[in-house]
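Visitor: need a 3D model of the following:
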Amino acid sequence: MTDPAPIAVSAHGFSWTAAGAWATFLVLLSALGVLVRMIGPWKKQTTDAEDKLRGDLMARVEKLERSLEQKDKVHAAERSLDRHKIRNLNQCLDAVLMILETAPEKTVEVVGKVRAMREAQLQAEAAEAAAIHAAEIAATGGE
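Guide: Next up is the predicted model:
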């Protein structure tokens, strides 16, 4: 069985099918106009978001660079203090060995002097370590 052909309902050249087609066309044209008008704001919003992200990332990188520079300075100061400690210990050991080799009878007297020298060195090292720590705290703002 075949479908009967549609019957056009027309009154003086008016057709519901044509009216529906025109209405659909006008709605689509209106939607297209809205989309075209929205492209500019969407692009601006995307650009603004990218600019904000870029700015935030640059600020984070700069903060990390400052932090690394500060840590490098602290590390260098600590290495310097360690080298100083090693030199002090070597100096004390060399003094003891020299006295033991040259005048073993003065060992008790030399040990007392080396202990006094070592005590002064330990106090100086503690002061240097405290200065490094205070500088680190001041640089980081107490974080």
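Visitor: how far is the strand or helix carrying L29 from where the chain is centred?
Guide: Per DSSP states H and E, L29 falls inside helix 16-102. How far helix 16-102 lies from its chain's middle: 5 Å, per Cα atoms, centre = their mean, to the nearest Å.
Visitor: mean confidence score for that helix?
Guide: For helix 16-102, the mean pLDDT works out to 88.
Visitor: and if you look at stretch 118-126?
Guide: 88.
Visitor: quick check: buried residues in that stretch?
Guide: For stretch 118-126, burial by neighbour count (16 or more other Cβ atoms under 10 Å) applies to Q121. Where C-beta positions appear, they are placed from N, C-alpha and C, glycine not excepted.
Visitor: before we move on, back to that, so which elements touch the helix holding L29?
Guide: Under the contact definition 3 or more Cβ pairs under 8 Å, 6 or more residues apart in numbering; DSSP states H and E, helix 16-102 sits against helix 107-140.
Visitor: so which other helices or strands are in contact with the helix it packs on?
Guide: helix 16-102.
Visitor: now the angle from the helix it packs on to helix 107-140?
Guide: Between helix 16-102 and helix 107-140, the angle comes out at 160 degrees (axes from the mean of the first three to the mean of the last three Cα atoms, to 10 degrees).
Visitor: just confirm E128 contacts R83, I think it does.
Guide: No. Shown here, E128 and R83 do not form a contact pair, counting by Cβ atoms under 8 Å, at 11.2 Å.
Visitor: no further questions, thank you.
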